[in-house]
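Participant: sequence first, then the predicted structure:
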Amino acid sequence: MQAIRSLIIPKWSSDVRLNGKTAVVTGANTGIGKETAKDLAIRGARVILACRDMAKGEQAVRDIMREVPCAKVVARHLDLAQTKSICQFAENIYNTEKSLHYLINNAGVALCAYSTTVDGFETQFGVNHLGHFFLTFLLLDLLKHSAPSRVITLSSSAHTMGRIQFDDLGGENNYHPVQAYAQSKLANILFTRELAKRTEALGVMAYSVDPGAVNTEITRHIRRPMADVIRTFSSLLKTSAEGAYTTIYCVVTPESELLNGEHYKDCAYSKGCRAGRDDGTALKLWAVSCHLLGIRWR
């Protein structure tokens with residue numbers, strides 16, 4: 001098992017410092033998000049942990065401070081299932097932060113039974129895609145002001161199974177947890193491609209990331225027998241710290257060595273699937289997302 005595992009974990013490290021930089025990491029109270037926040041804090045960045053559960057968020061801050069006594073980390077409430085909460089979070093950021101160099105759209109839900117957000121969107125599409133789409137829209141002025149800056153959005157290898165169901169985005173007619181999750185993860189990649197085109201001239205770069213198979217709480221909705229299978233092979237899964245490698249890679253690697261708007265996996269460029277490179281679908285999804293959120297984003 002250990003020999004197999006050593007083949008699937010990328011061997012990468014960097015001593016790049018981030019002193020004077022500010023980052024927002026969504027879903028940073030646990031798992032990959034928490035490990036990402038800790039790594040950025042070790043490098044000297046100021047990190048805002050954007051968390052739905054503030055008790056867990058504050059605990060994550062204490063955990064990081066215990067390991068990194070000089071860390072500059074704070075927790076702020078953000079519920080990506082509520083546009084009102086996203087607006088309040090963004091307002092708080094503008095009121096408290098002078099700059100924002102990295103927005104890491106890490107939070108997500110996976111494989112849950114059918115439900116809707118406060119605003120009526122199917123939960124996986126609403127949180128994983130629309131929530132981060134709206135958050136990025138609201139924070140873009142600060143990202144532009146702080147340029148060069150980056151937006152890094154976590155996707156998943158599940159995107160290869162995805163298809164944007166424009167005639168049934170919410171799954172009201174035919175909902176399946178896996179298909180809905182795959183659609184939301186494909187949407188993350190398409191969002192990144194279109195965002196990069198619109199913001200590159202403003203100094204805001206965008207990258208999507210596949211963290212790989214990671215043993216995190218995002219699989220909490222998975223039921224037996226699949227849950228039993230995952231536990232059996234858990235020793236082959238990446239730890240949360242290992243799952244954060246590619247995100248950190250996209251934070252610290254020089255811009256000249258990265259491809260704007262592209263997808264990364266195991267600390268390297270990944271071509272991904274054909275659907276994830278469909279610029280026509282990306283543009284249509286952008287327009288539909290703006291319509292659903294009631295915003296104008298040129």
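Facilitator: The structure has been received and is ready for your questions.

Participant: all strands of the stretch 51-200 of the chain, in order?
Facilitator: 72-77, 102-105, 149-154 (DSSP state E, counting those that start in this stretch).

Participant: can I get these in JSON lines with distance to Gly243?
Facilitator: (C-beta placed from N, C-alpha, C; glycine too.) Shown next, in JSON lines, are the strands of the stretch 51-200 of the chain (distance: least, C-beta to C-beta, whole Å):
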{"stretch": "strand 72-77", "distance to Gly243": "19"}
{"stretch": "strand 102-105", "distance to Gly243": "13"}
{"stretch": "strand 149-154", "distance to Gly243": "9"}
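
Participant: could you dump these to CSV with mean neighbour count?
Facilitator: Shown next, in CSV, are the strands of the stretch 51-200 of the chain (neighbours: other C-beta atoms under 10 Å):
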stretch, mean neighbour count
strand 72-77, 18
strand 102-105, 28
strand 149-154, 26
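
Participant: so which of these comes closest to Lys11?
Facilitator: strand 149-154 (20.9 Å; C-beta to C-beta).

Participant: can you tell me the strand partners of that closest one and which way each runs?
Facilitator: strand 102-105 (parallel), strand 204-210 (parallel) (DSSP bridges).

Participant: residues contacting it, please?
Facilitator: 32, 100-106, 108, 132, 136, 143, 188-189, 191-192, 195, 199, 203-211, 247, 250-251 (C-beta atoms under 8 Å, 6 or more residues apart in numbering).

Participant: filter those to the buried ones?
Facilitator: Neighbour-count burial (16 or more other C-beta atoms under 10 Å) applied to these gives 32, 100-106, 108, 132, 136, 143, 188-189, 191-192, 195, 199, 204-211, 247, 250-251.

Participant: what ranges do the helices span in the protein?
Facilitator: Per DSSP state H, the chain carries helices over the ranges 2-8, 31-42, 54-67, 83-96, 123-124, 132-145, 177-199, 226-232, 240-243, 245-252, 279-293.

Participant: avg pLDDT for the fourth one?
Facilitator: Which is helix 83-96. The average pLDDT for helix 83-96 rounds to 98.

Participant: now it: buried residues?
Facilitator: Buried residues in helix 83-96 (16+ other C-beta under 10 Å): Thr83, Ser85, Ile86, Phe89, Ala90, Ile93.

Participant: ok, which pair from the residues you listed is furthest apart?
Facilitator: Using C-beta to C-beta, the pair of the buried residues of helix 83-96 lying farthest apart is Thr83 and Ile93, separated by 15.5 Å.

Participant: correct me, but Ala113 touches Ala180?
Facilitator: No: using C-beta atoms under 8 Å, Ala113 is not in contact with Ala180; the gap is 10.2 Å.

Participant: the more surrounded of the two?
Facilitator: Ala180 (26 against 9; other C-beta atoms under 10 Å).

Participant: with adjacent residues omitted, what lies nearest to the more buried one?
Facilitator: Gln124 (4.6 Å; C-beta to C-beta, 6 or more residues apart in numbering).

Participant: and the one you found, how far from Ala182?
Facilitator: 9 Å (C-beta to C-beta, to the nearest Å).

Participant: what about the two, which has more around it?
Facilitator: Using other C-beta under 10 Å, the more surrounded residue of Gln124 and Ala182 is Gln124, with 30 against 22.

Participant: got the contact list for that one?
Facilitator: Gln124 makes contact with Val109, Ala110, Cys112, Pro177, Ala180, Tyr181, Gln183, Ser184, according to C-beta under 8 Å, 6+ apart.

Participant: measure it to Gly108 for me?
Facilitator: 8 Å.

Participant: overlap in contacts, the two.
Facilitator: Ser184.

Participant: least trustworthy helix or strand in the protein by mean pLDDT?
Facilitator: helix 226-232 (a mean of 43; mean pLDDT, DSSP states H and E).

Participant: shaky segments in the stretch 101-250 of the chain?
Facilitator: Scanning the stretch 101-250 of the chain for pLDDT under 70 picks out 215-236.

Participant: make it 50
Facilitator: The stretch 101-250 of the chain contains residues with pLDDT under 50 at 218-221, 224-234.

Participant: distance between the ends of stretch 256-267?
Facilitator: 15 Å (C-alpha to C-alpha, to the nearest Å).

Participant: give me the buried positions along that stretch.
Facilitator: For stretch 256-267, burial by neighbour count (16+ other C-beta under 10 Å) applies to Leu258, Asn260, Gly261, Glu262, His263, Tyr264, Lys265, Asp266, Cys267.

Participant: can you check stretch 149-168 too?
Facilitator: Residues of stretch 149-168 classed as buried: 149-162, 164 (neighbour count, 16+ other C-beta under 10 Å).

Participant: and these, which two are furthest apart?
Facilitator: Taking C-beta to C-beta, the two most distant members of these are Ser149 and Met161; they sit 31.6 Å apart.
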